[in-house]
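1. Provided below are the primary sequence and the corresponding predicted coordinates.
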Amino acid sequence: MNGVNVSLVFHEISAPLAATVSSVLAAPMVFIPMRIFSYLSLVASVALAVAAIALICAALTMQEWANPYDHIGQPALLQLQNVPRSVGIIVFCFAGHPCFPVVHECMKEQKGWRSSVYLTFFLAFLYYGGLGVFGYLVFGQDLQDSVTKNLDSLPQARLFRHISALAFVVKIQ
C-alpha cells in the first residue's frame, strides 16, 4: 500500500518503484534500538490519526455519498467472494506477532502486558474496522483496495488526499 500512497502524491513515481524504495528504507529499521523504535511507533500512531481525519474531511467535500444499502436483493455488507480477501487484510493488519517477545522482554512492568495487548488490539480493530466501514459507506461498491485510491477521483479534495496518503506513508515506514 505504501507504493500506492506515494504514487498518489508524486504521480511521476510508479507504485512498484515506491514500494521497492520503501522496503529498502524500512529494512535498516530492524537494527534500531527498542526505545527509539517506541518513539517511531508514537509517530506512526499520530500519522494514523492524521490520515483518518484527512479521509473524513475529504469525504465531507463530496456532494453525496454512495448508498451501499441501495441494492435490493443483494446483501450489501456480506459478499462471500470477498471473505478470503477480507480475512487476509485483517490478518495483515494484526501482523505484529513476531515483535511480541522482544517487546515483552523490554517492558519495565511486565504485569501490564496482557491488558496492554488487549487494549491495543481492540483499538486497532476499532480503527481498521471503523475506517473500512466508513470507506464503504462513502464509496459503496466502488471502494478500492486502498481508500486513498478513491480520493484520487475527488478533485475538490486534493489537499486531503495528499495529507492522507503522506500520513499513511509515514505510518507504514
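-> It's in.

2. tell me the pLDDT of Gly73.
-> If you check Gly73, the pLDDT there is 50.

3. what about the helices in the protein?
-> Ranges of helices in the chain, per DSSP state H, are 2-9, 15-26, 34-60, 83-93, 100-106, 113-139, 147-151, 158-172.

4. list just the one of those that sits closest to Ala66.
-> helix 113-139 (5.4 Å; Cβ to Cβ). Just so you know, the C-beta spots here come from the backbone N, C-alpha and C atoms, and that holds for glycine as well.

5. residues contacting the closest residue to Phe10 other than its chain neighbours?
-> Excluding the flanking residues, the one nearest Phe10 by Cβ to Cβ, 6 or more residues apart in numbering is Ala18, at 7.8 Å. Ala18 makes contact with 2-7, 10, according to Cβ atoms under 8 Å, 6 or more residues apart in numbering.

6. any idea how far Phe134 is from the nearest residue to Val43 once chain neighbours are set aside?
-> Nearest residue to Val43, sequence neighbours excluded (Cβ to Cβ, 6+ apart): Val170, at 6.8 Å. Note on Val170: its distance to Phe134, by Cβ to Cβ, to the nearest Å, is 21 Å.

7. and what of Asp145?
-> For Asp145, the distance to Phe134 - Cβ to Cβ - is 16 Å.

8. neighbour count: those two, which is higher?
-> Phe134 (16 against 10; other Cβ atoms under 10 Å).

9. so that one touches Ile56, yeah?
-> Yes. Between Phe134 and Ile56 there is a contact under Cβ atoms under 8 Å: 7.3 Å.

10. list the contacts of stretch 92-108.
-> 34, 110, 113, 117, 121, 124, 128.
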